[in-house]
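> Generate a structure from the sequence data that follows.
(one chain, ligands or ions: 2)
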Amino acid sequence: MARPPLSMKPTGWFQVAWSTEVKPGEIRRMTYFDREMIAWRTASGEAVVMDAYCEHLGAHLGYGGHVEGEVIQCPFHGWQWNSEGRNVCIPYQDRPNRGRRIRTYPVTERNDSIYIWHDIDGRAPYFEAPDVFSSFGDDSTAADYYPPMTLHREALEMHPQYVLENGVDFAHFKFVHKTPIVPVFTRHDFGEPWSYVDFTITFEGDENQSIDDVQSGVEAINGGLGIAVTKSWGMIDNRTISAITPVDERTSDVRFMVYIGRTPGRDDERAAAKAEQFGAEVIRQFAQDVHIWAHQRYSDPPALATAEYEGFTALRKWATQFYPDGRGGSAADLHTAAKGPAE
Ligand code: FES
Ligand SMILES: [Fe+2]
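Ligands and ions are numbered 1, 2, ... in the order given. Below you'll find the predicted structure:
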């Protein structure tokens with residue numbers, strides 16, 4: 001275990017809750033990016049995430065504050081703040097304080113999740129949070145899938161980037177996930193804030209089969225560092241979302257969801273039980289990764305095998321765009337370019 005050397009204040013979309021955890025009228029306390037925050041939902045259904053402290057005299061709104069329709073009221077002197085963090089009422093004065101504002105975070109709510117946009121420079125969102133269905137450009141919707149199964153681990157000593165590196169790390173599949181053969185990448189596209197990694201993989205058969213004969217695979221979209229969505233093909237239809245959010249300078253929360261596809265015309269209990277079994281297996285495999293990440297010391301620059309060089313270098317270079325404070329590590333090739341890839 002070691003404190004990640006990469007910035008814990010990256011830019012992008014990050015999950016702070018599941019939708020069901022923020023109910024109308026309730027206030028949820030949370031710490032992310034080393035800041036005390038609250039999430040609440042207006043009576044009309046809008047999810048709001050803002051800093052926790054009242055701009056008047058600093059009461060924590062998550063301890064005794066309450067939601068009144070579209071605003072939140074501070075427990076200390078009753079000042080009311082709207083979903084943009086603006087003061088709209090001082091109960092003992094005829095006008096509000098128009099100048100002070102509680103810092104709010106842009107929110108995207110999709111796929112049963114609440115995401116916030118984080119940027120230490122205060123820039124507005126310049127890319128979107130990915131959607132586990134529509135981002136793959138097919139006609140799929142949540143109705144084609146069973147309700148998601150989830151995993152949630154809090155305050156692990158790890159960084160969002162570890163999870164994305166897992167996507168280009170072909171060698172780990174055989175050792176961590178016990179795939180019979182090593183997967184092969186068919187797409188590495190690191191041009192934009194969203195990057196794309198596709199690979200051919202199988203969990204069946206023995207180690208003597210050829211990867212050229214495998215008829216199944218995974219497509220992954222990394223929507224910045226915070227959220228990755230995947231779609232499978234050629235195996236039991238599943239979609240996953242992994243979302244890693246820095247809590248403080250040492251730790252991150254990990255959330256994972258898996259949606260298993262419904263079989264048209266087969267909506268009986270047996271089909272549902274089978275889907276649940278498969279979902280549990282996907283979660284078990286993700287937990288195997290978490291077990292590594294939570295105890296890993298980030299290696300930078302890493303020692304890479306020749307075949308690992310391209311993927312890791314591309315991913316680490318791509319990742320540096322999300323660290324406005326410059327703490328993005330060296331791109332993977334700095335070391336190997338000087339000394340030649342390790343053979
Ligand atoms: S501290 Fe919030 S109203 Fe006074
Ligand atoms: Fe993995």
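> can I assume residue 174 sits in a strand?
No - checked against DSSP: H, G, I helix; E, B strand; the rest coil, residue 174 lies outside a strand; its state is helix.
> So what's the residue count around it?
14 (other Cβ atoms under 10 Å). Placement of C-beta: from N, CA and C, glycine included.
> other SSEs contacting the strand or helix carrying residue 116?
In this structure, residue 116 sits in strand 113-118 according to DSSP states H and E. With contacts taken as 3 or more Cβ pairs under 8 Å, 6 or more residues apart in numbering; DSSP states H and E, strand 113-118 sits against strand 12-18, strand 47-51, strand 104-105, strand 107-110, strand 238-246.
> what lines up beside that strand in the sheet?
Neighbouring strands of strand 113-118 in its sheet, by DSSP bridges, are strand 12-18 (antiparallel), strand 107-110 (antiparallel).
> Return that strand as PDB; C-alpha atoms alone will do.
This file holds the C-alpha atoms of strand 113-118, laid out as PDB (Å, rounded to 0.1, in the frame of the first residue of the first chain):
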ATOM      1  CA  SER A 113     -25.800   7.200 -10.800                       C
ATOM      2  CA  ILE A 114     -25.000  10.700  -9.700                       C
ATOM      3  CA  TYR A 115     -21.900  12.100 -11.300                       C
ATOM      4  CA  ILE A 116     -20.200  15.500 -10.500                       C
ATOM      5  CA  TRP A 117     -17.900  17.500 -12.700                       C
ATOM      6  CA  HIS A 118     -14.700  18.300 -10.800                       C
END
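> Quick check: what element follows that strand along the chain?
strand 149-156.
> wait, residue 113 sits on residue 241?
Yes - Residue 113 lies in contact with residue 241 (Cβ atoms under 8 Å); the separation is 7.0 Å.
> Break the chain into its domains for me.
What automatic domain parsing lists as the domains of the chain is 12-118, 134-296.
> distance between the ends of the longest one?
Going back to what we said before, that points to domain 134-296. End-to-end distance for domain 134-296, by Cα to Cα, to the nearest Å: 34 Å.
> What's the mean pLDDT across that domain?
Taken as a whole, domain 134-296 has a mean pLDDT of 94.
> quick one: is that domain near ligand 2?
Yes - legend: contact between domain 134-296 and ligand 2 by Cβ under 5 Å from the ion is shown at 166, 289.
> chain center to that domain, what's the gap?
In terms of Cα atoms, centre = their mean, to the nearest Å, the centre of domain 134-296 is set 12 Å apart from its chain centre.
> For the stretch 201-343 of the chain, which segments count as helices?
For the stretch 201-343 of the chain, the helices defined by DSSP state H, counting those that start in this stretch occupy 269-293, 309-319, 333-339.
> Now tabulate those helices in a markdown table and tack on mean neighbour count and distance to residue 165.
Listed next are the helices of the stretch 201-343 of the chain as a markdown table, based on neighbours: other Cβ atoms under 10 Å; distance: least, Cβ to Cβ, whole Å:
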| stretch | mean neighbour count | distance to residue 165 |
| --- | --- | --- |
| helix 269-293 | 16 | 9 |
| helix 309-319 | 21 | 6 |
| helix 333-339 | 14 | 14 |
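> Can you say which of the ones you listed is nearest to residue 89?
Of all those, helix 309-319 sits nearest to residue 89, with 43.8 Å by Cβ to Cβ.
> what's the helix or strand for the residue lying farthest from the centre of the chain?
Distance from the C-alpha centroid of the chain, by Cα atoms, centre = their mean, peaks at residue 94 (43.9 Å). Per DSSP H and E: residue 94 is located in neither a helix nor a strand.
> Give the buried residues for the host helix or strand of residue 36.
Assigned by DSSP H and E, residue 36 falls within strand 35-41. By neighbour count with 16 or more other Cβ atoms under 10 Å, strand 35-41 contains the buried residues 35, 37, 38, 39, 40, 41.
> among the residues you listed, which two are most distant?
Among these, 35 and 41 lie farthest apart (Cβ to Cβ), at 19.8 Å.
> picking up where we left off before, what is in contact with residue 113 and residue 241 at once?
255, 257 (Cβ atoms under 8 Å, 6 or more residues apart in numbering).
> list the contacts for residue 153?
253, 254, 290, 294.
> The third one: what's it in contact with?
For residue 290, the residues meeting the contact criterion (Cβ under 8 Å, 6+ apart) are 151, 153, 156, 254.
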